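1. curious how this folds, go ahead:
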Amino acid sequence: MLTSHNVVKFWNPSTGSCLSIIDSGYGLCGLILPRNKYAIVGTKGGTIEIIDIWSGTCIDVVKAHGGSIRSIAIIQDGDNFVTRSEDHEVKFWEYQYTQQLDQV
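-> Numbers count the residues shown, from 1 in each chain. So this is what the prediction gives:
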């Protein structure tokens, strides 16, 4: 996964070929969550973008920090991640996978 000023690119690590390009904000860091369905992008504007890798869409944008998000890391339990920002804050986040009823 590669973040840049207006897109997120997902790469095949075996072949080096680009699998998909998704429109995004000014991404500075990123993380692919366990199960490889979602990615989290930290932006220059202090938001977290939640990307559905399989559909190629940004499904949510969360105002997370007052400054650029410089790093995102998964916490060992796999259900949480942490962000660090230029606002000098470190924030801990919890997420869960849910299934919509119309997808059953």
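
2. count the neighbours of A73 for me.
-> Neighbour count of A73, defined by other C-beta atoms under 10 Å: 12. Placement of C-beta: from N, CA and C, glycine included.

3. quickly list what it is bridged to.
-> Beta bridges link A73 to V82, judged by DSSP bridges.

4. so it sits right up against F81, yeah?
-> Yes: using C-beta atoms under 8 Å, A73 makes contact with F81 at a distance of 6.4 Å.

5. between those two, which contacts overlap?
-> L31 (C-beta atoms under 8 Å, 6 or more residues apart in numbering).

6. contacting residues around E86?
-> Counted by C-beta under 8 Å, 6+ apart, E86 has contacts 65, 67-68, 70.

7. do a quick rundown of the strands in this structure.
-> 2-3, 7-11, 18-23, 27-32, 38-43, 47-52, 57-63, 69-74, 80-85, 90-94 (DSSP state E).

8. spatially nearest residue to the spatially most central residue of the chain, not counting backbone neighbours?
-> Geometric centre of the chain, nearest residue: I40, 1.0 Å, by C-alpha atoms, centre = their mean. Nearest non-adjacent residue to I40, counting by C-beta to C-beta, 6 or more residues apart in numbering: L31, 4.8 Å away.

9. before we move on, back to that, point out the most buried one among the strands of the chain.
-> Highest mean neighbour count among the strands of the chain (mean count of other C-beta atoms under 10 Å): strand 38-43, with a mean of 23.

10. how far out from the middle of the chain is that strand?
-> Computed by C-alpha atoms, centre = their mean, to the nearest Å, the chain-centroid distance of strand 38-43 equals 1 Å.
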